[in-house]
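[1] here you go, sequence then predicted model.
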Amino acid sequence: MKSSVITFPGSNCDRDIDVALNKFGFKNKMVWHNDHELPKSDLVVLPGGFSYGDYLRCGSMASKSKIMHSVINFAKSGGLLMGICNGFQILVETGLLPGVLLRNKYLEFICKNVYVKVDNKENLYFKNLDKEVFEFHIAHNEGNYFCTKDQLKEIEDNNQVALYYCNDEGKTEDQFNPNGSIKNIAGIFNKEKNVLGMMPHPERMIDQSLSGEDGSLFFKNLINNLK
Amino acid sequence: MKVSAIITLKKDVLDPQGKVIYQTLDGMGFKDIKEVRQGKYFEIDVNENDPTKAKVIVEDMCKKLLANLVIENYKIIETQ
């Protein structure tokens, strides 16, 4: 399986996701934002970080990068495109995913482990996972997911919520919402479920001695689903 | 000519920064305020002398990059 990770000026989780993808069997290539052509890929990842210093709005500049024309075409023709953290912010700025990520409710940069619940397994990302609640890491200042009422209705009607913030038992109550996201939303899909954006970092949970293994479960399952 | 654009958050969008500024002003003794909303201001020098055409160019910029229309409104002001 081939994957590509796009590096923007200011990306800082690009090498982490490269390590994670290679560890679980992807042949990963790093692609510079100024390139025009995307290498042949089964999965494209927009990594976390602070592309363009978060100027204007997080992800807004990166969403207009040269490589993004190919990335958007790749997604529109059904290719798997995943955005993590800043990558999620870039995806909403491209319009591939609905809504927007606002500043955290209490104006704090949040860096901690959280639990998230997988809501929809009828997609290549989460199909065949044998559990619903995962412990992932979050580190962001703008992760407060917001969308209009009409968009929310559409998202829920089409089962586009990928992940909810929750506790270790999967309860998605307000007290387990770290950043003020509408309905505890931590990640969403596009309608077709080939584009996934999420604030948590599964690539930071791929080694028991460093953090945890829930990211390992996610990546192992993902590559098996693509085979 | 120079054209300015003001970007503001839509009414129903939470503005935590505006809220904190409001609380600070209130704490400083400015008691006659109801609400503070924070926005952005852009001054753009356009290679166009026709005000109508210059405004159209900046409006296009607002729609495509400067504002995110899910959460923000824009207003264009001719400055010079």
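    On my side now, so go ahead. Since the model is a prediction, treat every value here as computed from it, not as a measurement.

[2] what comes up buried for the longest helix seen in chain A?
    Longest helix of chain A, by residue count under DSSP state H: helix A:214-226. Of all the residues in helix A:214-226, those buried under the rule 16 or more other Cβ atoms under 10 Å in any protein chain shown are A:214-223, A:225-226. Where C-beta positions appear, they are placed from N, C-alpha and C, glycine not excepted.

[3] same question for stretch A:31-46.
    For stretch A:31-46, burial by neighbour count (16+ other Cβ under 10 Å) applies to A:31, A:33, A:38, A:41-46.

[4] how many residues are close by the residue in chain A that chain B sits nearest to?
    Closest approach between chain A and chain B, counting by Cβ to the nearest Cβ: A:V100, at 4.8 Å. For A:V100, the count of nearby residues is 24 (other Cβ atoms under 10 Å in any protein chain shown).

[5] picking up where we left off before, show me the two of the buried residues of stretch A:31-46 that sit farthest apart.
    Largest separation among the buried residues of stretch A:31-46 by Cβ to Cβ: A:H33 and A:D42, giving 20.7 Å.

[6] who's in contact with the residue of chain B found nearest chain A?
    The minimum distance from chain B to chain A, using Cβ to the nearest Cβ, falls at B:V70 (4.8 Å). By Cβ atoms under 8 Å, 6 or more residues apart in numbering or on different chains, the contact list for B:V70 reads A:98-100, A:146-148, A:151.

[7] quick check, pLDDT for the closest residue to A:N221 other than its chain neighbours.
    Nearest residue to A:N221, sequence neighbours excluded (Cβ to Cβ, 6 or more residues apart in numbering or on different chains): A:L129, at 5.3 Å. At A:L129, the model reports a pLDDT of 96.

[8] what does the biggest helix by length in chain B rub up against?
    Criterion DSSP H: the longest helix present in chain B is helix B:16-28. Identification of contacts with helix B:16-28 by Cβ under 8 Å, 6+ apart yields A:103-107, B:9, B:33, B:35-38.

[9] alpha carbons only: can I get it in CSV?
    Extracted as CSV, the C-alpha positions of helix B:16-28 are listed here (Å, rounded to 0.1, in the frame of the first residue of the first chain):
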residue,chain,number,x,y,z
PRO,B,16,-14.3,33.8,23.3
GLN,B,17,-11.7,36.5,22.6
GLY,B,18,-14.3,39.2,22.4
LYS,B,19,-15.8,37.9,25.7
VAL,B,20,-12.5,38.0,27.5
ILE,B,21,-11.8,41.6,26.2
TYR,B,22,-15.3,42.5,27.4
GLN,B,23,-14.6,41.1,30.9
THR,B,24,-11.2,42.9,31.1
LEU,B,25,-12.8,46.2,30.0
ASP,B,26,-15.5,45.7,32.6
GLY,B,27,-12.9,45.0,35.3
MET,B,28,-11.1,48.2,34.3
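
[10] what helices or strands is the helix or strand just after that helix leaning on?
    Remark: after helix B:16-28, the chain's next helix or strand is strand B:39-45, criterion DSSP states H and E. Where contact means 3 or more Cβ pairs under 8 Å, 6 or more residues apart in numbering or on different chains; DSSP states H and E, strand B:39-45 is packed against strand B:2-9.

[11] bridged to the nearest residue to A:F146 once chain neighbours are set aside, which residues?
    In space, A:F146 comes closest to A:L102 once its chain neighbours are excluded; the distance is 5.0 Å by Cβ to Cβ, 6+ apart. Judged by DSSP bridges, the bridge partners of A:L102 are A:N144.

[12] pLDDT wise, what is A:L102 at?
    pLDDT recorded at A:L102 is 94.

[13] over to B:Q80?
    B:Q80 carries a pLDDT value of 68.
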